[in-house]
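Asks: Prediction below, plus the sequence it came from.
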Amino acid sequence: MHTVFIGLGSNLDDPVAQLQQAWATLKAAPWCREAKISSLYRSVAVGPPQPDYINAVAQVTTDLAPLDLLDALQAIELNQGRQRLIHWGPRTLDLDILLIDQEIIQHERLQVPHPYLTERNFVLIPLAELAPELRLPDGRNIGDLAAQIGNQGLTRLA
């Protein structure tokens, strides 16, 4: 079994509802054994001008291999209308594998830890909410990284 952290994001077609639907789908997936999710956060978009995002981080336990998990997450994205038209562009749903146990994966389709994990407060802060003592494979503490990055442009939703 693997402990996996997944970033969720949406800025199109009722983003809160998109994340709620994705969360329900994740929890109900036959490969998902345990699951919990952070609070929802509004964040300023990275990339071209576009609406703000709603973000969260989910923690799941699964027996899927990393690339099989990636395929399963991309199927959920497609089912919710995801189109890959513009790099870092607006989207109905984005599901990113952030961490898988203490694995380091460098594959053409998947990089773990996620390459931008430590640069984005909309990932670090909800991740630290779920697992403040979690350490990256290089030993850095998630809670410390979240405290260092700050919450500029990020708002926790009620």
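Replies: On my side now, so go ahead. Residues are numbered from 1 along each chain as shown.
Asks: C-alpha from now on. contacts and neighbour counts both.
Replies: Will do.
Asks: Can you give me the neighbour number for residue 121?
Replies: The tally of other residues near residue 121 (other Cα atoms under 10 Å) stands at 21.
Asks: hang on, it packs against residue 147?
Replies: No: with contact defined as Cα atoms under 8 Å, residue 121 does not count as touching residue 147 (9.3 Å).
Asks: Residue 128 and residue 5: what is the separation?
Replies: Separation of residue 128 from residue 5 (Cα to Cα, to the nearest Å): 11 Å.
Asks: Looking at these two now, which is surrounded by more residues?
Replies: More neighbours sit around residue 5 than around the other of residue 128 and residue 5, counting by other Cα under 10 Å; the figures are 24 against 20.
Asks: what about the helices in this structure?
Replies: Across the chain, reading from the start of the chain, the helices by DSSP state H fall at 15-28, 66-79, 121-130, 142-149.
Asks: Those: which one's closest to residue 1?
Replies: Distances from residue 1 to each of the helices of the chain were compared by Cα to Cα, and the smallest falls on helix 66-79, at 11.3 Å.
Asks: Restricting to C-alpha, output stretch 63-75 in CSV.
Replies: As requested, the backbone C-alpha atoms of stretch 63-75 are provided in CSV (Å, rounded to 0.1, in the frame of the first residue of the first chain):
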residue,chain,number,x,y,z
ASP,A,63,-2.2,-0.3,-4.0
LEU,A,64,-2.0,1.1,-7.5
ALA,A,65,1.4,1.5,-9.2
PRO,A,66,2.3,5.1,-9.8
LEU,A,67,1.6,5.2,-13.6
ASP,A,68,-1.7,3.3,-13.0
LEU,A,69,-2.6,5.9,-10.5
LEU,A,70,-1.8,8.7,-12.9
ASP,A,71,-4.0,7.0,-15.5
ALA,A,72,-6.8,6.7,-13.0
LEU,A,73,-6.5,10.4,-12.1
GLN,A,74,-6.4,11.5,-15.7
ALA,A,75,-9.6,9.5,-16.4
